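Chemist: Output the structure for:
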Amino acid sequence: LKDRILTLNREKEKMQNHHEYSIASISKEEMDALKTFARYGLGEDSSSDHFLARQKAIAFVYVEKSEIFRLDQNYFIQSAIYNDFSGGYKRFFKLIPPQIIKGAAKQEILNFQRHHGIPDRTIMLVQIQSSFAPAAASSVRNEIVRNRSSDSVTGQGIHTDGLSHAMLLCLERTNVLGAENSFFEDLNGDRMLGKPTVLEGGDLVYFCDDKIYHYVSPAQRADNSTPMRRSMMLIHSPAYMLLTGERNANNSQNNLQ
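Modeler: You can find the predicted model right below:
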């Protein structure tokens, strides 16, 4: 009975916090393939010109009887209601190739669908991205990682992505200081849910993007003499509104302007 009560309390806490940390269930070979693709297979992300350098590739996908199908659209439009920095226009990216979607990424896509109870044929957006900085000449730890105006990982403060269901999976975290994930009940950050958490390689978090807000703290090199890299796979659903830029009727939250 005691174990049952503890289990029920944990489930209640998950429902109240609307986020849950977990560990990737894919094989070492699949994780290595995703990590390699994040290092060498991505394209430029022009929106990162004003924050920490980032590369990205995307794929709109849907699941049908445990098989994954990829759309050919190579851009998305995030409503400016949720992203006043880089929302409201077409953002073009390199496509994640089918062999990654149907191979190394497949199990985590299916896990995401199962965790959130997402019906087949629901459009999802998969993103693989990598934030990085070369080694610095200076040994001062808090130097801005690329001599930019910001060491922000996302270019945003506390925010919602404008979708309903989300997942963040860390593929690689090398020589990174900071980049902690936090979740909040409110936009001002007065009511934090849990503690700031570092996602190491293989760690992931599921969350309800239409129920809570999230934030990633600035990132710096832990050692300025060596390069820094933080690679992530993100999944959002339903993502059909990102095909056209319309607002998600189920997400009425706004971001700080």
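
Chemist: show me what contacts Leu243?
Modeler: Shown in contact with Leu243 (C-beta atoms under 8 Å, 6 or more residues apart in numbering): 60, 73, 76-77, 123. Where you see a C-beta, it was placed from the backbone N, CA and C, and this is true even at glycine.

Chemist: For it, give its distance to Tyr62.
Modeler: Distance, Leu243 to Tyr62, by C-beta to C-beta, to the nearest Å: 12 Å.

Chemist: Which one (most neighbours) among the contacts of Leu243?
Modeler: Most neighbours among the contacts of Leu243, by other C-beta atoms under 10 Å: Phe60, with 22 neighbours.

Chemist: From what I see, it and Pro238 are in contact.
Modeler: No. Judged on C-beta atoms under 8 Å, Phe60 makes no contact with Pro238 at a distance of 10.8 Å.

Chemist: what do those two both touch?
Modeler: With C-beta under 8 Å, 6+ apart, Phe60 and Pro238 have common neighbours 123-124.

Chemist: where do the helices sit along the protein?
Modeler: All helices of the chain, identified by DSSP state H, fall at 2-17, 28-40, 98-99, 106-116, 241-244.

Chemist: By mean pLDDT, show me the worst of these.
Modeler: For those, the weakest mean pLDDT is recorded on helix 2-17, namely a mean of 53.

Chemist: Look up how far Pro98 lies from Phe112.
Modeler: 18 Å.

Chemist: meant to ask about Ser46
Modeler: 25 Å.

Chemist: Repeat that for Met228.
Modeler: According to C-beta to C-beta, Met228 and Pro98 sit 31 Å apart.

Chemist: And Glu180, its phi and psi?
Modeler: Backbone dihedrals for Glu180, given as degrees, to the nearest 10, come out at phi -90, psi 140.

Chemist: ok now do it, which residues does it touch?
Modeler: Going by C-beta under 8 Å, 6+ apart, Glu180 touches 196-198, 216-217.

Chemist: Isn't Ala53 up against Phe132?
Modeler: Yes. Contact status for Ala53 versus Phe132: in contact at 5.8 Å, counting by C-beta under 8 Å.

Chemist: Which one of these two is surrounded by more residues?
Modeler: Phe132 (22 against 17).

Chemist: pretty sure that one contacts Arg230?
Modeler: Yes. Phe132 is within contact range of Arg230, at 7.5 Å (criterion: C-beta under 8 Å).

Chemist: re the thing from before, what about Met228 and Pro98, which has more around it?
Modeler: Each of Met228 and Pro98 has its neighbours counted (other C-beta under 10 Å); Met228 has more, 26 against 13.

Chemist: quick one: that one and Arg114, what's the gap?
Modeler: 34 Å.

Chemist: swap in His18?
Modeler: Note on His18: its distance to Arg114, by C-beta to C-beta, is 17 Å.
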